[in-house]
Each structure stands twice: as C-alpha cells, then as structure tokens.
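sequence below, structure please.
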Amino acid sequence: MPLKEYINNKKIIFCGPLFDKDDKYLEAYDIVVRTNNFFSIEPELRNSSRCNILICNSIFSKRYTHKIVENIDHINYVLCSSPSGTIKIRDSLYSADKKKVHFFSGGIDLRLIKRHPFGLMQFLSYIINNYEPSLLYIDGIDFYMTKDVDKFWLKGYAIKESGNCNVLGRDKTKHDLESNKHYLQRIISKVPYVKISEMVEKALQVIEEKKVEIKPTKPKKKKKPAKNKFKIPD
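Predicted coordinates:
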C-alpha cells in the first residue's frame, strides 16, 4: 500500500519510546508511531510492542540497523531522516522488505527550530506538509520514557550515545529545547487534527519550570607556534 493511502484519513498516535500504554489503549488508533530505540527496550518492559511506523535518525539507523532487521516483521514502515541511513537499512533487508523503508524530511517550517529538531518535530512537519490524517495524537516526545512527569527528560536515556545528553541542562551541542517546544506549541495551535495528551501538556510545563542556566564556556587559548629547534643556516 502506498504511504499516502496508508496515512490519509487515519487516526495516528505518536508514542515515541513510551512503553506504559497497553494494546487495549492503542486499539483506538489505526497507526502507532515509535522512535529510534523502541526495540532496544526489553520486551518484558513493554506493555505493548505494537509499532506500525518506526522513525529513526542517522545515529540509530547506522549503529542499530540490526534492531530494525530483527523486528521488521512487526513494522509496516520505517521512516529514516538520513539518506545514508535509509540506504544502509534497505541494504540489510531482503528485497520484499526494502519497500517498507523510506527517507523522510520535514518542510521549511523546521527552520523555526534553532538546532537539531526532535524526531517528533521532523515527523510532524513531514506529516502536515504531505498527508491528511484525521487525527495525530501526541502521547510522548522523543525522550519520554516514563509516566512520571518529573522524569520526562532523562539524563541517561536508553541508548549509549545519549548518555551524556541532559536536555534540561541546555547543552548547546545538543537539541535546542526551547525552540522545539515553541514549534510544537505552534503546530498545536494551527493544525486542528494535531492533539496532545495531558501528559505531554504537563511535560511542556516542566520544560518551562526547570530552566537551567548555561555556564559560559571559557575561550580556548591559542597555542603558540612551536619554536624550531634547529637553526637554519644563513
């Protein structure tokens, strides 16, 4: 089935790596969207393993392709935001499953985000610029791992490369939290079929309340050029 036909007029729920909702809760939706490391979570820790669409970024697609290959029978589509990652995943699959893997990118509206849009924001931009679902319900954000709102943004996260990324710490080399938040709020106010759960609404408040100042980094001292030990003869 073409992706457009699969998505249009459907009820979509974006869960991110959320795993505290069971299959009964998800029955109300036609499409369940997960992110990156969902299949890295131990099966016994998931209340539901349903994943109709998996969205992944360049890091996950390159380092954890085996997780997608292992679980491809449980996925209808893989949307990868990296062209090279998309190729890598396709090359790892049998021909029948290659059609499940698509490259996706958001629209120019993502320029509103200063740096590193969350997968959710990329997915939102991609959907609203290309498809017409009847509902896109957001019940999780990329880093959402627990129903405990105070732990909404985990320092540890579940994949190794994010181990030192404290989003609330305003790490300037990582995601820009404020502009991601404002982008989400803008979409909610402008697109009628995009709705958010009470949990996500509370999480946005947590982001607002837990602002952490960034300590200015000291400028690096310029190294003096090394002196030549050997005297050049005249």
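
use CA for all of it now, contacts and neighbours both
OK.

dump the residue contacts of the closest residue to Asn57 other than its chain neighbours.
The shortest distance from Asn57 to any non-neighbouring residue, by Cα to Cα, 6 or more residues apart in numbering, is to Ser81 (5.2 Å). Listed by Cα atoms under 8 Å, 6 or more residues apart in numbering, the contact set of Ser81 reads 55-58, 103-105.

ok, Ser81 to Leu120 distance?
Using Cα to Cα, to the nearest Å, Ser81 is found at 11 Å from Leu120.

of the contacts of Ser81, closest to Leu124?
Nearest to Leu124 out of the contacts of Ser81 is Ser105 (Cα to Cα; 10.0 Å).

may I have the phi/psi pair for the closest one?
phi -150, psi 150 (degrees, to the nearest 10).

same deal with the one 3 residues further on?
For Ile108, the backbone dihedrals are phi -70, psi -20 (criterion: degrees, to the nearest 10).

the residue lying closest to Ile196 once chain neighbours are set aside pairs with what?
Of all residues not flanking Ile196 in the chain, Ile138 sits nearest, at 4.6 Å (Cα to Cα, 6+ apart). Residues in a beta bridge with Ile138, per DSSP bridges, are Phe14, Ile196.

with just CA atoms, put stretch 93-111 into PDB.
This file holds the C-alpha atoms of stretch 93-111, laid out as PDB (Å, rounded to 0.1, in the frame of the first residue of the first chain):
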ATOM      1  CA  LEU A  93      16.900  -6.300   4.300                       C
ATOM      2  CA  TYR A  94      15.500  -8.900   2.000                       C
ATOM      3  CA  SER A  95      14.000  -7.500  -1.200                       C
ATOM      4  CA  ALA A  96      10.400  -7.900  -0.100                       C
ATOM      5  CA  ASP A  97      11.000  -5.700   3.000                       C
ATOM      6  CA  LYS A  98      13.000  -3.000   1.300                       C
ATOM      7  CA  LYS A  99       9.700  -1.300   0.200                       C
ATOM      8  CA  LYS A 100       9.000  -0.700   3.900                       C
ATOM      9  CA  VAL A 101      11.900   1.700   4.300                       C
ATOM     10  CA  HIS A 102      11.500   5.400   3.200                       C
ATOM     11  CA  PHE A 103      13.600   8.500   3.600                       C
ATOM     12  CA  PHE A 104      11.600  11.400   5.100                       C
ATOM     13  CA  SER A 105      12.400  15.100   5.800                       C
ATOM     14  CA  GLY A 106      10.400  17.900   7.200                       C
ATOM     15  CA  GLY A 107       9.400  21.100   5.500                       C
ATOM     16  CA  ILE A 108      11.000  24.600   5.600                       C
ATOM     17  CA  ASP A 109       9.000  25.300   8.800                       C
ATOM     18  CA  LEU A 110      11.600  23.400  10.700                       C
ATOM     19  CA  ARG A 111      13.800  26.400  10.300                       C
END
